[in-house]
Each structure stands twice: as structure tokens, then as C-alpha cells.
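Colleague: Predicted model and sequence below, questions to follow.
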Amino acid sequence: MNLFQNAKFFTTVNHLKDLPDTGAEIAFVGRSNAGKSSAINTLCNHVRLAYVSKTPGRTQHINFFELANGEFMVDLPGYGYAEVPEAVRRHWVELLGNYLQTRRQLIGLILIMDCRHPLKPLDIRMLDFFAQTGRPVHILLSKADKLSKNDQIKTLSSVKKSLKPFMERQEVSVQLFSSLKKHGIEEVNEVVGTWFTRHQQQVPETSGDDMPV
């Protein structure tokens, strides 16, 4: 089952107080030029579900999409783009950081990195920051079509080696992904499907007489 197929736009928010009351969520995040929106569109088989712009930093809000299983996908603002007003950048940082740290519905993070420039300092900071939540991270090495098959293999092996210290403290996985070639869709579905299944198994059952806490 393609969890992302037929995903529907749900809402967009610019302040934490406006976050919707949803079920479980998985979120997409990455540097502003890493190909996040293209990856979302490819996974959902939708040309313009997430806005793709020639100007990095276009995603300035938190955008929610409902998935085929009734759960949610969240498109977070990109980070690392310098050419925005400082006040806007501070707002992005606060919005992104608080969402990642405090959102109880968030069960896992999809971190997008350009396969030609993986594990940049801000990506490392994101891994360090999100590790505090104890939730899993799956890394998409996007734009894999820009590399030869041999370089793809070398890059994936090198990134896995570099991630070993991170894997000792949190659940981290990584794969190659190409929006242009539509490569890697099945693997993302498998990982995210596992997250949702595990979450459902962990949710305690309550009788009709129990008061939710």
C-alpha cells in the first residue's frame, strides 16, 4: 500500500497555537535546496501537492496533509537559507524547533539531504536536536540521479559509516532517493508504514469508562 498516494491538503499554520488536533504525524524537513518538496510530490504522485520553487526557502509555514491511512504528513519549513529577513528566520527557527520538540503526535522524521552534499553542519545539528525526542529518523539522499551508479553506492556507504555514532543513540536509517527517476518510493513507504504500525501497537486501549489523560 502506498501510504502517500492520494494524500490531501489539510491545513497550514504559522503559529504553534494553531496546530490542528490530528492523529499520528510523520514530518519532512531538510535544507532549503535539498529537494524536499519534489520528494513529497513524487511520493504522493502529485505534481504540485507541495510547492516547488526556484527560490529556496519558499515553505514558510507548517503544512499538513492527510494520508491514505487517515494519519498525517507534515511539510516543515526548510532551513539553512540565508537570504531571508532576520525576523523571518528567527520565527522559522522557533516554529520548527518547538514543533519538533513538543509535538506529541509526531512519531518520526524524514530528513532530506542532497546526495551530493550530505551531512552538512546544519543537518548534523538537526540530528542532534531531534535525538532528544527519542523518535526515529529516516534520511533520504535526494537527487540520486545526479550521481553515477558507482558514486551512489559509494555515497550511501560513506553516509552509513558517518551515521554510526548517531545510530548508537537513536533509530536512524538512510536510503537513496530520486524524484526524477521515482526511485526509492517503496522503501520510504516501508519505513513509514513500520512507524505507523508500531505507534498503533503502542497506543493503550481504553474502555468506555476510562478518562483520557
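Modeller: Yep, it's here.

Colleague: drop to CA atoms for contacts and neighbour counts, all remaining ones
Modeller: OK.

Colleague: gap between Trp92 and Ile62?
Modeller: According to Cα to Cα, to the nearest Å, Trp92 stands 10 Å off from Ile62.

Colleague: where do the contact lists of the two overlap?
Modeller: Taking Cα atoms under 8 Å, 6 or more residues apart in numbering as the criterion, Trp92 and Ile62 both touch Pro77.

Colleague: check which helix or strand covers the residue nearest to the spatial centre of the chain.
Modeller: Among the residues of the chain, the one closest to the centroid is Phe28, at 1.9 Å (Cα atoms, centre = their mean). Element membership for Phe28 (DSSP states H and E) is strand 25-30.

Colleague: likewise Phe4?
Modeller: Phe4 belongs to no helix or strand, assigned by DSSP H and E.

Colleague: Next, count neighbours for it.
Modeller: Residues lying near Phe4 (other Cα atoms under 10 Å) number 25.

Colleague: can you tell me the helix or strand for the residue lying closest to Gln132 once chain neighbours are set aside?
Modeller: Closest residue in space to Gln132, ignoring its immediate chain neighbours: Gln101 at 7.8 Å, by Cα to Cα, 6 or more residues apart in numbering. Using DSSP H and E, the element containing Gln101 is helix 86-102.

Colleague: Can you name the next helix or strand after that helix?
Modeller: Following helix 86-102 toward the C-terminus (DSSP H and E): strand 106-114.
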